[in-house]
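Asks: With the sequence up front, the predicted model follows.
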Amino acid sequence: MKDSAAGGMNPIAVLSEACRRTRGVRTGSAGGLPSPAGAGPAIRRGIMIAEGDYIACQTFMEGTFVREFTQSPAGLLRPNGQRVVWDLLNMFRFDDQRRLVEESVRTDYRSFLRQLGAPGQ
């Protein structure tokens with residue numbers, strides 16, 4: 001097995017460095033969930049596990065639903081002013097230079113859309 005992408009470092013440090021290097025690649029707000037500074041949702045990390053070239057990370061995006069969500073799978077959702085939490089599971093893969101080369105995300109869209117006021121059961 002190859003040396004870990006974390007290379008003995010704290011996985012949070014490796015992930016933070018990778019995010020710093022890729023900052024600006026992805027833009028926009030996650031469904032109109034701005035942070036208090038208006039720069040996007042507040043992001044916090046939960047459980048993190050590093051093994052080999054991979055880091056698995058629970059991520060929470062939190063904010064207040066204040067702008068229309070036009071890309072919703074449930075159609076246009078109008079802001080309801082409610083505080084929402086989007087719970088995600090991220091899987092990151094790094095190369096030998098600790099560069100982020102792959103990311104996958106899993107989430108429970110149903111509970112997230114319910115918080116945004118989407119119709120349905």
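Replies: Right, received. Where do you want to start? It should be emphasised that the depicted structure is a prediction, and the values quoted were computed from it without experimental measurement.

Asks: got the buried residues for stretch 113-121?
Replies: Neighbour-count burial for stretch 113-121, with 16 or more other C-beta atoms under 10 Å as criterion, is recorded at 113, 116, 117, 118. Backbone N, C-alpha and C define where each C-beta goes, glycine included.

Asks: Leaving out the residues flanking it, which one is nearest to the last one?
Replies: Spelled out, that is residue 118. residue 74 (4.0 Å; C-beta to C-beta, 6 or more residues apart in numbering).

Asks: With the third one instead?
Replies: Sequence neighbours aside, residue 80 is the residue nearest to residue 117 in space, at 4.7 Å (criterion: C-beta to C-beta, 6+ apart).

Asks: Adding pLDDT, write the buried residues of stretch 113-121 out as a markdown table.
Replies: Shown next, in a markdown table, are these (pLDDT from 0 to 100):
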| residue | pLDDT |
| --- | --- |
| 113 | 89 |
| 116 | 89 |
| 117 | 89 |
| 118 | 89 |
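
Asks: you'd agree residue 78 is up against residue 66?
Replies: No. Using C-beta atoms under 8 Å, residue 78 makes no contact with residue 66, being 10.5 Å away.

Asks: And the two? Which one has more around it.
Replies: residue 66 (15 against 11; other C-beta atoms under 10 Å).

Asks: so that one sits in a helix?
Replies: No. With DSSP: H, G, I helix; E, B strand; the rest coil as the criterion, residue 66 is located in coil rather than a helix.
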